[in-house]
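In: I'll drop the sequence and a predicted model, then ask my questions.
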There are 2 protein chains.
Amino acid sequence: MNSSLDTQLDHIFSALSDHTRRRLVHALAEGEKSIGQLAEPFEISLVAVSKHLRVLERAGIISRRIDGRTHFCRLHPESLTQALDWIAIYRSFWDQRLSKMKHLMEKETEPDA
Amino acid sequence: MNSSLDTQLDHIFSALSDHTRRRLVHALAEGEKSIGQLAEPFEISLVAVSKHLRVLERAGIISRRIDGRTHFCRLHPESLTQALDWIAIYRSFWDQRLSKMKHLMEKETEPDA
DNA sequence: AATTTATTTAACCAAATGGTTGACAATTCG
DNA sequence: CGAATTGTCAACCATTTGGTTAAATAAATT
């Protein structure tokens, strides 16, 4: 059925579930960067950062361009659309509740006819 | 620092990274349900479903009300706001790219002055 | 040709995850 | 009371995850 969408959502959400990887996404929002550049601000080893980047790559959130000996990573924001849409569906239930509450409160404060 | 927001995002994204748990959220969008009701459509054991529900609970995505021997779960869509907002920031880079592209294409098809 | 730079691969480790079964607790029903 | 229902807890297992270090590969520099 929807299993390819499902595994894509699995990958995207699980990629975003790690603080380090979210920081990497944040860094890449400034533009293309090499793995060394990306790893520099972190206290963990470059190998660990490299692994995190592969996770983001598998999720389609970033891609890699190899130029000589350096690998450049680039953000693919459109990959987040599915995750955004999925969440938005259920978050919308909250907006509905809010507007219902608002409606009720307005009715309550109405002068009785 | 931001660590409480960060660990909350950790919990929310990791909770959503599992297909079974996303199905549970979907089921709860219809309204409050008991754990037995929730577990029924799944092939895994009730214990496994119960564990998934605890993960969703830890993330603040659902809450539990105990009535007699049955535990009722309820969706808290507002908990998804943070995750939605986080994604929206980076997804917006895509919209920016799109509008830039659109702008360029319009310029290209313009009759030269 | 030898060295340095940029990164991956391989092997390993501890902790977390997603599943199981069996036993226990609490509530309801006959 | 005794039995059935609803769910948790505890122990266990295999796999995944996030980290490490050491060695390998590949390209640039000297």
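Out: Yep, that arrived. Numbering: from 1, shown residues only, chains lettered A, B, ... in the order given.

In: Is A:Gly52 located within a helix, as I assumed?
Out: Just to correct that, residue A:52 is His rather than Gly. Yes - with DSSP: H, G, I helix; E, B strand; the rest coil as the criterion, A:His52 is part of a helix.

In: residue ranges with poor pLDDT in chain A?
Out: Applying pLDDT under 70 to chain A flags the ranges A:1, A:100, A:102, A:107-113.

In: name the helices or strands packed onto the helix ranked longest in it?
Out: Ordering each helix of chain A by length in residues (DSSP state H) puts helix A:81-108 first. Counting contacts by 3 or more CB pairs under 8 Å, 6 or more residues apart in numbering or on different chains; DSSP states H and E, helix A:81-108 is packed against helix A:3-16, helix B:3-16, helix B:19-28, helix B:81-108. Using the backbone N, CA and C atoms, a C-beta is placed for each residue, glycine as well.

In: residues of that helix that come out buried?
Out: Neighbour counts over helix A:81-108 (16 or more other CB atoms under 10 Å in any protein chain shown) mark A:83-84, A:86-87, A:90-91, A:93-94 as buried.

In: One more: stretch A:26-42?
Out: Residues A:27-28, A:33, A:35, A:38-39 are the ones in stretch A:26-42 that count as buried (16+ other CB under 10 Å).

In: what angle separates the longest helix of chain A from helix B:3-16?
Out: Counting by axes from the mean of the first three to the mean of the last three CA atoms, to 10 degrees, helix A:81-108 lies at 110 degrees to helix B:3-16.

In: give me the number of residues near A:Ala15?
Out: Burial measure for A:Ala15: 26 neighbouring residues, criterion other CB atoms under 10 Å in any protein chain shown.

In: How about it: what's its closest non-neighbour residue?
Out: A:Ala59 (3.9 Å; CB to CB, 6 or more residues apart in numbering or on different chains).

In: need the contact list for that neighbour.
Out: A:8, A:11-12, A:14-15, A:79 (CB atoms under 8 Å, 6 or more residues apart in numbering or on different chains).

In: with these in mind, which one is nearest to A:Ala48?
Out: Closest approach between those and A:Ala48, by CB to CB: A:Ala15, at 14.9 Å.

In: so that closest one touches A:Arg54, yeah?
Out: No - contact criterion CB atoms under 8 Å: A:Ala15 and A:Arg54 do not qualify, at 10.0 Å.

In: how far away is A:Phe42 from DNA strand C?
Out: In this structure, A:Phe42 and DNA strand C are 13 Å apart, going by CB to the nearest atom of the strand, to the nearest Å.

In: quick revisit: where's the residue nearest to A:Ala15 relative to B:Ala88, distance?
Out: 17 Å (CB to CB, to the nearest Å).
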